[in-house]
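# Compute the structure for the input listed below.
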Amino acid sequence: MRTIPTRELGTGADQPALIREWAQGLLAGLAPDSLADAVLVLDELVSNALCHGAAPVRVRLAREVGHLRFEVTDASSRPARRRLPDVGGGRGLMLVDACSRRWGQWWHDAGKTVWAELAVALG
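Now for the predicted structure:
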């Protein structure tokens with residue numbers, strides 16, 4: 001699996017948009033539906049880490065033909081969890097679950113990593 005270098009995020013409100021732009025550039029050539037799903041999943045993982053995790057937040061993308069894996073690491077040991085949607089949110093991990101083949105998380109000395117794997121098609 002080819003790994004694209006890890007990218008560390010800042011704390012500004014512009015970070016999700018910057019990561020979406022970064023991913024779209026790296027994933028050029030995917031079928032439009034696959035690209036949309038991939039960017040949505042990454043955006044939700046990053047948004048959750050920024051809202052519910054702790055800095056630093058790092059993103060790693062691994063890619064091989066037909067397959068993507070996103071890993072988002074933050075310094076919080078608080079688990080990512082699905083919750084019932086309400087006016088304040090709760091849809092992020094539901095979307096990740098719907099768009100990815102599988103997802104999960106693991107804990108380590110630096111906090112936790114939440115990951116998602118997607119099947120993708122070339123455009």
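# Next, please give the residue ranges for the strands of the protein.
2-9, 57-64, 67-74, 102-108, 111-119 (DSSP state E).
# so which of these gets nearest D37?
strand 111-119 (6.2 Å; CB to CB). For the C-beta atoms, the positions are set from N, CA and C on the backbone; glycine is no exception.
# Output the below-cut-off pLDDT ranges for this protein.
Applying pLDDT under 70 to the predicted model, the residue ranges of the chain that meet it are 1, 3.
# again, 80 this time
Scanning the chain for pLDDT under 80 picks out 1-5, 85-90, 123.
# Can you tell me the centre-most residue of it?
For the chain, the residue whose C-alpha lies nearest the mean C-alpha position (CA atoms, centre = their mean) is L42; its distance is 2.9 Å.
# what number of residues lie near the nearest residue to L30 once chain neighbours are set aside?
Closest residue to L30 apart from its sequence neighbours, by CB to CB, 6 or more residues apart in numbering: V120 at 5.4 Å. V120: 22 surrounding residues under other CB atoms under 10 Å.
# try P5
A total of 7 residues lie near P5 under the criterion other CB under 10 Å.
# Pull the contacting residues for it.
Listed by CB atoms under 8 Å, 6 or more residues apart in numbering, the contact partners of P5 are R60.
# I'd like the distance between it and A54.
Between P5 and A54 the distance is 22 Å, computed by CB to CB, to the nearest Å.
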